[in-house]
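*Asks:* From the sequence below, what's the structure:
(one chain, ligands or ions: 2)
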Amino acid sequence: MACRQMLAVLAVAMVAMATLLAMARATEYVVGDDMGWGLQVNCTDWARGKVFRVGDSLVFRYNPGNHHVLRVRGPDFQACNKVSEKEPLASGDDAVPLSSPGKRWYVCGKAAHCESGQKLVITVLPSLQAPTASPTPPAPVPGSSGKITVPGYQSLMVLVVAVLTTFMT
Ligand SMILES: *[C@@H]1O[C@H](CO)[C@@H](O)[C@H](O)[C@H]1NC(C)=O
Ligand SMILES: [Cu+2]
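*Replies:* Ligands and ions are numbered 1, 2, ... in the order given. Okay, the predicted model is just below:
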């Protein structure tokens, strides 16, 4: 009798843990990693192979005197038109929550920085909580900082399912 109750408690605890881990999976991407947001980073290269999902966030770090961050539309991104409906982000440490799926375009509007390549386009995929035909994320790039992953999550889910199945039969 005590054994069954303990199993139930264990199962509940593991589901709670799995939920917490799922929430912890939200990734904070520091644009340019240690180099930050600036002319020294090729953002096309930086973004390559990264999987951005709803719930993740971008962090732009830069010297606020030198740069800022402007979210623009696709055609304006291509042409480096520094027009946006919103004020540029300018704190030098700007966190941007990725709240909806789709493409997002960012440029620096200072001097000719955009023309020199200080521009970033990403595609935000739906969150894992509502899975579609989700592509498997690529293997993590060694030495890429600013990326927090929880590798034990999948195996933990398998374990939870196994325990629940045992308990219910
Ligand atoms: C960034 O790198 C890509 C290829 O990796 C290249 O096509 C592009 O011209 C580079 N951009 C700049 C501004 O150097
Ligand atoms: Cu700039």
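*Asks:* What are the neighbouring residues in contact with the residue nearest to S99 when sequence neighbours are not counted?
*Replies:* Spatial nearest neighbour of S99, chain neighbours left out: V54 (6.5 Å); criterion: CB to CB, 6 or more residues apart in numbering. Just so you know, the C-beta spots here come from the backbone N, C-alpha and C atoms, and that holds for glycine as well. For V54, the contact set (CB atoms under 8 Å, 6 or more residues apart in numbering) comprises 98-101, 124-127.
*Asks:* any chance of those residues in TSV, plus neighbour count?
*Replies:* TSV is the format used below for those (neighbours: other CB atoms under 10 Å):
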residue	neighbour count
L98	21
S99	10
S100	9
P101	16
V124	19
L125	18
P126	15
S127	17
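*Asks:* Report pLDDT for the residue nearest to S99.
*Replies:* Note for V54: predicted pLDDT of 96.
*Asks:* Next: A8.
*Replies:* If you check A8, the pLDDT there is 73.
*Asks:* how much space is there between it and ligand 1?
*Replies:* According to CB to the nearest ligand atom, to the nearest Å, A8 stands 54 Å off from ligand 1.
*Asks:* P101 touches I122, doesn't it?
*Replies:* No. Between P101 and I122 there is no contact under CB atoms under 8 Å: 11.0 Å.
*Asks:* Enumerate the residues of this protein near ligand 1.
*Replies:* Neighbours of ligand 1 within the chain, by CB under 6 Å from any ligand atom: 42, 44-45, 117.
*Asks:* Restrict stretch 36-47 to CA atoms and write it as PDB.
*Replies:* Extracted C-alpha coordinates of stretch 36-47, given in PDB (Å, rounded to 0.1, in the frame of the first residue of the first chain):
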ATOM      1  CA  GLY A  36      28.200  41.400 -29.200                       C
ATOM      2  CA  TRP A  37      26.200  43.500 -31.700                       C
ATOM      3  CA  GLY A  38      28.500  45.400 -33.900                       C
ATOM      4  CA  LEU A  39      30.500  45.600 -37.100                       C
ATOM      5  CA  GLN A  40      32.900  42.900 -36.000                       C
ATOM      6  CA  VAL A  41      30.300  40.200 -36.300                       C
ATOM      7  CA  ASN A  42      28.800  38.600 -39.400                       C
ATOM      8  CA  CYS A  43      25.300  38.000 -38.100                       C
ATOM      9  CA  THR A  44      24.500  35.700 -41.000                       C
ATOM     10  CA  ASP A  45      27.200  33.400 -39.800                       C
ATOM     11  CA  TRP A  46      26.200  33.900 -36.200                       C
ATOM     12  CA  ALA A  47      22.600  32.900 -36.800                       C
END
